[in-house]
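Student: have a look at this fold, sequence not included:
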Ligand code: SAM
Ligand code: FES
């Protein structure tokens, strides 16, 4: 086992490959010394590319209205108990102003899929942010829209787009989503975004019902084709008002090992240690960084709406002010020997 594990980590490091059998072995192994060698290899690779620097992205959760009904998500349209909110353009711009003062150089506009904000509205918001904060990057995470809409957002100044494929396997996708949604369209969106010129982020949920090693492997294959600049993975966590309230949460250990695998397969990718990871384990974000992640996404949304953007139960940072989260995260980063980066944190291939 010792030799086998060494060989798997060596293949990841030197050849940037892993076979389905090796992925299975790696996830099934419960030997902590093995695991720490995998984490160390991934961490070293991240430090080689980015130094001991962590990029912060200011997350603005500007609407929790969503027309979709993903079975796992707390803000799904079918959740009549969700208290809905939308931020006005002025409120979004105020978050950005606050964010720039706190040192953020990237704003992530995230929301449910909410057609209330037309393509024109989104373009207007992007243009105003870029005018006021020309040194900052704008990342969108607003779900599936037309190629034309994506093109217009890009021309308005958005540089990056986050859209997890959730699972690349079509049958598995159909288990997690109602028939109106398809893996095919999700992938179509990702390819459109890539072709338009965005820095693209995809990713998947870890531990959703029906997910086995072969589904995860399909995600790796899909991402090797897409070659995203950012990859977000986090454990699936149950929400009490979804059809999946009784399904077990995704596993932190698997998430950390997969983060390491992703770091070794995609050395230059921007990999967040997600809020879901920090919710599943109080030290999850630090552990994520020590397993190869290099991005954190503190919440910049107004404190009054935070507890309404509940994708899963127990979400952390819902009672905090933006400044408290930044201070808390900077302290946590320093405690593990890293510092907060001051630059925008583009993908190395996109740095001017
Ligand atoms: N509407 C946009 C989209 O579809 O990309 C962005 C918002 S969506 C709520 C952001 C991400 O939250 C999803 O891609 C999904 O992976 C994650 N998410 C939703 N429900 C979750 C849950 N119960 N546990 C963990 N992550 C969840
Ligand atoms: Fe929000 Fe720690 S990051 S309180």
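Tutor: Perfect, I can see it now. Only a predicted model underlies this, so the values are computations on that prediction, with no experimental measurement involved. Ligands and ions are numbered 1, 2, ... in the order given.

Student: and the residue of the stretch 151-300 of the chain found nearest ligand 2, what pLDDT?
Tutor: Nearest residue of the stretch 151-300 of the chain to ligand 2 (C-beta to the nearest ligand atom) works out as residue 298 at 5.4 Å. (Each C-beta comes from the backbone N, C-alpha and C, glycine too.) Among the per-residue scores, residue 298 shows a pLDDT of 95.

Student: phi, psi of residue 199?
Tutor: With angles defined as degrees, to the nearest 10, residue 199 sits at phi -80, psi 120.

Student: for it, name its beta-bridge partners.
Tutor: For residue 199, the residues forming beta bridges with it (DSSP bridges) are residue 160.

Student: ditto for residue 55
Tutor: When bridges are assigned using DSSP bridges, the partners listed for residue 55 are residue 295.

Student: poorly predicted segments of the stretch 201-350 of the chain, please.
Tutor: The stretch 201-350 of the chain contains no residues with pLDDT under 70.

Student: now the strands: where do they sit in it?
Tutor: Assigned by DSSP state E, counting those that start in this stretch, the stretch 201-350 of the chain shows strands spanning 205-206, 230-231, 234-235, 295-296, 339-340.

Student: turn the ones you listed into CSV, columns for mean neighbour count.
Tutor: Putting the strands of the stretch 201-350 of the chain into CSV (neighbours: other C-beta atoms under 10 Å) gives the following:
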stretch, mean neighbour count
strand 205-206, 26
strand 230-231, 25
strand 234-235, 26
strand 295-296, 26
strand 339-340, 14
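
Student: dump those to CSV, plus distance to residue 48.
Tutor: Listed next are the strands of the stretch 201-350 of the chain as CSV, based on distance: least, C-beta to C-beta, whole Å:
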stretch, distance to residue 48
strand 205-206, 25
strand 230-231, 18
strand 234-235, 25
strand 295-296, 17
strand 339-340, 17
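
Student: got these as JSON lines, with distance to ligand 1 columns?
Tutor: What follows is the strands of the stretch 201-350 of the chain, written out as JSON lines (distance: least, C-beta to the nearest ligand atom, whole Å):
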{"stretch": "strand 205-206", "distance to ligand 1": "5"}
{"stretch": "strand 230-231", "distance to ligand 1": "12"}
{"stretch": "strand 234-235", "distance to ligand 1": "6"}
{"stretch": "strand 295-296", "distance to ligand 1": "15"}
{"stretch": "strand 339-340", "distance to ligand 1": "24"}
